[in-house]
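Visitor: Pasting the sequence and the predicted coordinates here, then a few questions.
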Amino acid sequence: MKLKSAKELEELRSRIIKERDPQKPSIAVCSGTGCHAWGCAEVTAAFKEELQRQGLDGQVTVKTTGCHGFCERGPLVVIYPQRIFYQRVKPQDVPEIVSKTILQNELIDRLLYTDPSTGQKIAYEHEVPFYKRQKRLVFGSNGLIDPQSIEDYFAIGGYAALAKALFELTSEQVLDEVKRSGLRGRGGGGFPTGRKWETCRNAPGEVKYVICNCDEGDPGAYMDRSLMEGNPHLVLEGMVIGAYAIGAHEGYIYVRNEYPLAVRNAQRAIEQAEEYGLLGEDILGSGFDFSVRINRGGGAFVCGESTALMASLEGRPGEPRAKYIHTAEKGLWNRPTNLNNVETWANVPGIILKGADWYRGLGTEGSKGTKIFSLVGKVNNTGLVEVPMGMTLREIIFDIGGGIRGGRKFKAVQTGGPSGGVIPEEFLDLPVDFDELTKVGSMMGSGGMIVMDEKTCMVDVARYFLGFLEEESCGKCVPCREGIKHMREILTRICEGRGKESDLELLERLSATLADASLCALGSTAPNPVLTTLHYFRDEYEAHIKEKRCPAGVCKELINYYVIEEKCPGCGLCVKNCPTEAIIFKGKKKPVEIDYGKCIKCGTCYDVCRLGAIEVR
Amino acid sequence: MSDSRQSVGLGELSRKVGSVLERYSRDASQLVAILQDIQVEYNWLPKEALEEVSQELGIPLSRVFSVATFFRAFSLRPRGRHLIHVCLGTACHVRGAPRILEQIERQLGIRPGEMTEDLQFSLETVNCVGACALGPVVIVDGDYHGQMTPDRVKEILKKYSKERLGDEAEVG
């Protein structure tokens, strides 16, 4: 049914809401990628089966939703209307949940989340510390809707912002609202979104394009994936509003092929939006036309670079070009093109609906609104967190993230992906926004926050990023292609204990060349992980070079595994698991011995030992 | 022509490629998508298929190859029945992904980009699959296995091939 006016949309919305009983029990099973790996599909199936068995299938709804964010504790189940929060749910827990919680409103203690700092059990989702400190403006709806149901999106107010933009505002006013909101691009650079739109709008040419970049390439970041999978209509709505402001009638969503569910859900969302007349010709009877097509990326990090992405959209290898001319003026097919990433588009409907002034009230002077971070690595509560700009690293990592795994010591947090840097402990109280992160040598990037502890080697991290970039460099310009390779070779040399004291200076010189002479940001920002680790952790580099020692115990050539004799009861578990038979069994109750001639330092013994009797130095 | 160990019937290939091309209205700007769909059919990109694409779309073979070799997701070599992707994203790296990869290499006796002799497993690395909270992550045939440890590798590989692992472990 095509909706022909804003009124028809509102009528449909009230009908949908009226038909739904807010008191009807509803079981939301998180079906994000994290929960999938934990087995949520089996949990969902078990709920459906159990409800049917107990004859409750008409009275209780089971909803598969997108990612809720608290991936660490999956599979997650939230029971509405109370919002009871169960974590680590297994299919065998399901009959009990239905009999006790659904039918008798009784909580099941063992499935509740325990706050590690107080030892208290927490019953409701909004009381879990991980969620409590967040402000989930963009990401929060993920848990409320089935991403494949446009009706669910209508029920939470979906496409009201689009109707407002089309019927209550002129395209200039929409542009002005976004400009005034202070929204900056969430993909990496942090360029003011409104200004980007304006350049594209003012560029000469009849045909213009808008593109949604869902080619999330930064390793360690997955918020765009979770938004596109969990709430595709929000992104689409943002795109239509943007196209209206810019005067574009064709759009593309460029999604990584590694994200099949994002491709599927976005495709489905486009079809549904077309059916309701929210995409296509004469949207909502406004006379505005806009259509969207999906393109799948081929797995190339450099395609995060706008010109490379556009080359790939044209069916060519994703090689960037120099940006003397901005893509806003000459982009896809040499026509004015506006590219924003998923999270940026997802911020747009809220700005239009609630106004720029509301949005400006959130965040810091130079960075408005909220930002979704992928809080991962050696932190207790891994997952996606959305917080107002300006929250400190300490609050994010310790209050929301619950601190460092295994009671270890925090060493650094890496932000901004391969273009960013590491931030040491002394800056934990830094308010996180675009400008503050840049001041300490890192950057916001797309929002990856990889927490590192004392067992993470900073030289190895630098080598890792350079190895990554060496592989992902498209090879078009020499500084990037050759420079990264040489820097990686030097870092490998240092990690293997063959480093020279002059290497550090050489790294700095090469870094300067790359920054100055590379064609695109992949090359010019490639030195950042090296420069920041070198700046904040120079002593670690020096330990590798001068003392041939890896303080974190990571670099294989510089470490050995040892048996702590007092702790080893000779159980033989390591002997059984050693892939090279390098551990000698000396009899029960006698400590084992390592044959260093055979040991390949794989660390298996260290992992399997339950008594902590193997140490690495 | 092809160095592949899997024979590719030319008539059938022509039909399959043809139907993929039709899906995209023989639009050369859709080359990436076309190659992706062909790869879904064969699990890799046979040279004959690339030649067919070049001829049918009227674009130089060099351009087809430049796209096919540029993007990581394309394989110009046949791949095994089970495809293992080891994620080497940052979050996985700091949680020990390199050691997971080494363990799989040892178990299967192959390096990334290679296939086991019995055509059962292909091993590839990927620079982040976006399941960072669960690192280290290993994906076998699209199934995610999170919070991997080296000692769980054997058990997971066993799930996909029961009989072959015992002898391979000795070889590796």
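Guide: Good, I have the coordinates.
Visitor: May I ask you to name the longest helix in the chain?
Guide: Using chain A. Looking only at chain A and at elements set by DSSP state H, the helix with the highest residue count is helix A:478-495.
Visitor: oops, chain B please
Guide: What stands out as the longest helix in chain B, according to DSSP H, is helix B:10-23.
Visitor: Contacts for it, please.
Guide: Helix B:10-23 is touched from outside by B:34, B:37, B:38, B:41, B:42, B:46, B:48, B:49, B:52, B:53, B:56, B:57, with contacts defined as C-beta atoms under 8 Å, 6 or more residues apart in numbering or on different chains. Bear in mind the C-beta positions are built from the backbone N, C-alpha and C, glycine included.
Visitor: Would you reformat those as CSV and include pLDDT and neighbour count?
Guide: As requested, these are exported to CSV (pLDDT from 0 to 100; neighbours: other C-beta atoms under 10 Å in any protein chain shown):
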residue, pLDDT, neighbour count
B:34, 95, 25
B:37, 94, 18
B:38, 95, 23
B:41, 91, 16
B:42, 91, 18
B:46, 95, 24
B:48, 94, 17
B:49, 95, 25
B:52, 95, 21
B:53, 96, 25
B:56, 94, 17
B:57, 95, 19
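Visitor: In strands, which of those fall?
Guide: Where those are compared with strands, as defined by DSSP state E, there is no overlap at all.
Visitor: Now for those residues: which two are most distant?
Guide: Taking C-beta to C-beta as the measure, these span a maximum distance of 18.1 Å, between B:42 and B:57.
Visitor: List the residue ranges of chain B that fall below the pLDDT cut-off.
Guide: B:1-8, B:162-172 (pLDDT under 70).
Visitor: how does it divide into domains?
Guide: Chain B breaks down by automatic domain parsing into domains covering B:10-70, B:82-171.
Visitor: Distance to residue A:306 for the ones you listed - can I get that in JSON lines?
Guide: What follows is those, written out as JSON lines (distance: least, C-beta to C-beta, whole Å):
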{"stretch": "domain B:10-70", "distance to residue A:306": "17"}
{"stretch": "domain B:82-171", "distance to residue A:306": "20"}
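Visitor: now, of those domains, which is deepest in the fold?
Guide: When neighbours are counted by mean count of other C-beta atoms under 10 Å in any protein chain shown, the highest per-stretch mean among these falls to domain B:82-171, a mean of 20.
Visitor: Output the set of residues of the stretch 501-617 of chain A in proximity to chain B.
Guide: Where proximity means C-beta under 8 Å from any C-beta of the partner chain, the interface of the stretch 501-617 of chain A facing chain B comprises A:577, A:579, A:602, A:603, A:604, A:607, A:608.
Visitor: Let me have those residues in CSV, adding neighbour count and pLDDT as columns.
Guide: Formatted as CSV, those follow (neighbours: other C-beta atoms under 10 Å in any protein chain shown; pLDDT from 0 to 100):
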residue, neighbour count, pLDDT
A:577, 17, 85
A:579, 17, 83
A:602, 20, 85
A:603, 21, 84
A:604, 26, 84
A:607, 18, 80
A:608, 18, 85
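Visitor: Closest to residue A:379 out of the residues you listed?
Guide: Residue A:379 lies nearest to residue A:607 out of those, by C-beta to C-beta, at 20.0 Å.
Visitor: What is the neighbour count of the closest residue to chain A within chain B?
Guide: Across chain B, the shortest distance to chain A (C-beta to the nearest C-beta) belongs to residue B:71, at 2.8 Å. In terms of burial, residue B:71 registers 19 neighbours under the definition other C-beta atoms under 10 Å in any protein chain shown.
Visitor: Residue A:301 is in contact with that one, correct?
Guide: No - using C-beta atoms under 8 Å as the test, residue B:71 is too far from residue A:301 to be in contact (10.8 Å).
Visitor: need the helices for the stretch 1-150 of chain A, in chain order.
Guide: In the stretch 1-150 of chain A, the helices defined using DSSP state H, counting those that start in this stretch lie at A:6-19, A:33-38, A:40-53, A:94-96, A:103-104, A:129-132, A:150-155.
Visitor: err, chain B, not the other one
Guide: Using DSSP H, helices in chain B cover B:10-23, B:31-42, B:47-57, B:61-70, B:90-94, B:97-108, B:150-160, B:165-171.
Visitor: Mind giving me the packing neighbours of the fourth one?
Guide: Which is helix B:61-70. Packed against helix B:61-70, as judged by 3 or more C-beta pairs under 8 Å, 6 or more residues apart in numbering or on different chains; DSSP states H and E, are the following elements: helix B:31-42, helix B:47-57.
Visitor: Just put those helices in a markdown table and tack on distance to chain A.
Guide: Putting the helices and strands packed on helix B:61-70 into a markdown table (distance: least, C-beta to the nearest C-beta, whole Å) gives the following:
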| stretch | distance to chain A |
| --- | --- |
| helix B:31-42 | 4 |
| helix B:47-57 | 9 |
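Visitor: Could you export those helices to TSV, including columns for distance to residue B:79?
Guide: TSV is the format used below for the helices and strands packed on helix B:61-70 (distance: least, C-beta to C-beta, whole Å):
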stretch	distance to residue B:79
helix B:31-42	9
helix B:47-57	14
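Visitor: Most tightly packed of the helices of the stretch 1-150 of chain A?
Guide: Burial of these is given as mean neighbour count (mean count of other C-beta under 10 Å); helix A:33-38 ranks first at a mean of 26.
Visitor: pLDDT averaged over that one, what's the number?
Guide: Here helix A:33-38 scores 88 as its mean pLDDT.
Visitor: Among the helices of chain B, which comes closest to residue A:227?
Guide: Between residue A:227 and those, the shortest gap by C-beta to C-beta is with helix B:90-94, which sits at 18.3 Å.
Visitor: what's the closest one packed up against?
Guide: Contact here means 3+ C-beta pairs under 8 Å, 6+ apart; on that basis helix B:90-94 packs against strand A:370-377, strand A:448-453, helix A:458-472.
Visitor: Now the shortest one: buried residues?
Guide: It stands for strand A:448-453. Judged by neighbour count using 16 or more other C-beta atoms under 10 Å in any protein chain shown, the buried positions of strand A:448-453 are A:448, A:449, A:450, A:451, A:452, A:453.
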